[in-house]
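1. With the sequence up front, the predicted model follows.
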Amino acid sequence: MQNAAFGSVFGAMDTCKRCFILSLAFLMIFLENLGTNVFGFNGNEQIETMVEEVLDHSPHFSTRQGIHDMEDVEDDDWQRVETKGNQFIVNGQPFYINGFNTYWLMVFAADQSTRGKVSELFRQASSVGLTVCRTWAFNDGQSRALQKSPSVYDEEVFKALDFVVSEAKKYKIRLILSLVNNWDAYGGKAQYVKWGKAAGLNLTSDDEFFSHPTLRSYYKAHVKAVLNRVNTVTNITYKDDPTIFAWELMNEPRCTSDPSGDTLQSWIAEMAVYVKRLDAKHLVEIGLEGFYGPSAPARAQFNPNSYATQVGTDFIRNHQALGVDFASVHIYADSWISQTISDAHLQFTKSWMEAHIEDAENYLGMPVIFAEFGVSAKDPGYNSSFRDTLISTVYKTLLNSTKKGGSGAGSLLWQLFPDGTDYMDDGYAIVLSKSPSTSNLISLHSTRLAIFNSMCSWKCRWGCKKKNALETILYHDDL
């Protein structure tokens with residue numbers, strides 16, 4: 001009952017920050033209604049002190065200044081995300097992430113009839129406290145292509161990407177921008193190979209995208225064009241814009257022609273350093289699904305199937321490349337284990353996440369984001385209750401890492417849609433207005449992370465103002 005009220009308030013608010021304030025008020029009311037000596041609290045005065053301390057230590061709120069609209073937050077407060085050890089930080093505070101994917105934002109923004117959906121999506125995402133969006137900064141050789149041919153761009157589509165970046169900033173949502181696709185959708189590496197063939201190159205496999213020097217040069221030219229782009233809306237160069245959380249080298253890279261992993265490793269090593277040479281400020285990640293490869297045979301037991309070891313990726317080795325700042329992992333039990341819904345999906349999700357969090361801590365010394373996860377409504381046996389259980393499994397596994405300052409740094413739902421975009425649904429779409437229980441779940445997790453981010457500080461090694469209170473916030477299911 002508390003959850004439903006909590007979620008409905010979130011949905012009605014205009015900004016993430018207002019949601020934060022109201023959620024804290026609900027927290028205080030809830031605990032007060034339970035009386036004294038609950039969850040480590042002794043009296044209402046301590047509850048009020050806890051909330052006040054959270055607000056006083058938040059970079060965007062003050063109990064003395066009141067609620068700030070997003071537009072009132074100074075640019076000085078909108079800083080780049082950095083890493084320190086195995087954590088993300090902003091302005092010296094931890095930055096644990098609850099985020100989402102919506103890959104088609106640039107394409108929608110390129111059409112005036114659908115541009116408003118971009119703003120609508122960011123507004124809805126902000127209303128449930130989501131802070132990071134992953135989307136495509138590519139569309140190669142397709143309809144409404146950004147890159148029509150190597151280094152030839154459609155300026156109107158580039159302006160659409162400018163709009164996406166500017167709208168994200170308006171709603172205080174940071175972006176992970178992916179730079180090319182492994183798959184054919186939106187062009188991908190296959191389009192680069194087509195361009196190479198058209199230029200007279202003797203190419204026999206799409207995987208030569210990773211190895212042929214000319215195709216590597218095509219990719220580098222695209223990276224340079226995006227990073228050096230001056231936003232026509234904000235007049236800020238992309239590589240100087242803190243709205244951009246990170247650059248992703250590729251969506252789900254695979255190189256099945258070389259199961260040893262050497263070809264892909266060489267490409268990652270070259271491109272990560274190249275991006276850093278152009279932009280030393282922003283974070284870089286690869287875009288991997290997380291499969292274990294030859295460098296860690298003992299970890300192969302966590303792969304979803306035997307084929308996963310043969311796709312040319314190698315989670316630990318790949319992320320040890322110079323220039324890579326954090327790890328990425330995807331979770332698709334319904335694609336990798338079996339399409340039919342079962343508890344085995346939940347068991348796999350938990351063990352898959354725990355293995356990668358452990359490796360990020362013990363071998364990589366960096367944060368890990370579970371950058372895609374979800375379940376398709378087209379799966380046999382699907383129901384919305386199972387989707388909520390899967391999302392809860394992901395969130396709770398991350399909170400188990402969060403409470404000890406571990407490497408589990410956040411997750412990004414696949415995928416969030418605004419109303420009226422059902423025709424784009426691949427089965428995984430979440431429309432918040434049609435999914436109240438899921439919306440409440442997302443809101444609750446966002447609030448837990450927002451309070452944690454505000455109560456803790458890197459300087460005291462995630463020392464928290466109220467340890468017992470924090471445990472309650474992170475784990476009590478009926479906030």
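-> Nice, I can see it.
2. pretty sure residue 171 contacts residue 124?
-> No - if you go by Cβ atoms under 8 Å, residue 171 and residue 124 don't touch, sitting 9.5 Å apart. For the C-beta atoms, the positions are set from N, CA and C on the backbone; glycine is no exception.
3. and the gap between the residue lying closest to residue 365 once chain neighbours are set aside and residue 404?
-> Of all residues not flanking residue 365 in the chain, residue 86 sits nearest, at 5.8 Å (Cβ to Cβ, 6 or more residues apart in numbering). Distance of residue 86 to residue 404, computed by Cβ to Cβ, to the nearest Å: 11 Å.
4. The two: which has the busier surroundings?
-> residue 86 (22 against 9; other Cβ atoms under 10 Å).
5. Tell me where the stretch 151-300 of the chain has strands.
-> 152-153, 174-178, 244-248, 283-285 (DSSP state E, counting those that start in this stretch).
6. what's the most buried one of those strands?
-> Among these, strand 244-248 has the highest mean neighbour count (mean count of other Cβ atoms under 10 Å), at a mean of 27.
7. Which elements pack onto that one?
-> For strand 244-248, the elements it packs on are strand 174-178, strand 283-285, judged by 3 or more Cβ pairs under 8 Å, 6 or more residues apart in numbering; DSSP states H and E.
8. Contacts for that strand, please.
-> 81, 132, 134, 165, 174-179, 223, 227, 238, 275, 279, 282-287, 325-326, 328 (Cβ atoms under 8 Å, 6 or more residues apart in numbering).
9. where in the protein is pLDDT low?
-> When the per-residue scores of the chain are filtered using pLDDT under 70, the ranges that remain are 1-76, 456-479.
10. ok, the residue most central in space within it - contacts?
-> With distances taken as Cα atoms, centre = their mean, residue 412 lies nearest the centre of the chain, 4.0 Å away. Shown in contact with residue 412 (Cβ under 8 Å, 6+ apart): 97, 99-101, 132-134, 176, 369-373.
11. Which residues does it form beta bridges with?
-> residue 99 (DSSP bridges).
12. Would you mind measuring from it to residue 443?
-> Note on residue 412: its distance to residue 443, by Cβ to Cβ, is 16 Å.
13. ok so, going back, ok, now which ones touch the residue nearest to residue 365?
-> 360, 361, 364, 365, 366, 367, 405, 406, 407, 409.
14. ditto for residue 235
-> Contacts of residue 235 by Cβ under 8 Å, 6+ apart: none found.
15. From residue 245, how far out is it?
-> Distance from residue 235 to residue 245, counting by Cβ to Cβ: 20 Å.
16. Also residue 324?
-> 15 Å.
17. Residue 409 now?
-> Distance, residue 409 to residue 245, by Cβ to Cβ: 11 Å.
18. Same check on residue 257?
-> Computed as Cβ to Cβ, the residue 257 to residue 245 distance reads 32 Å.
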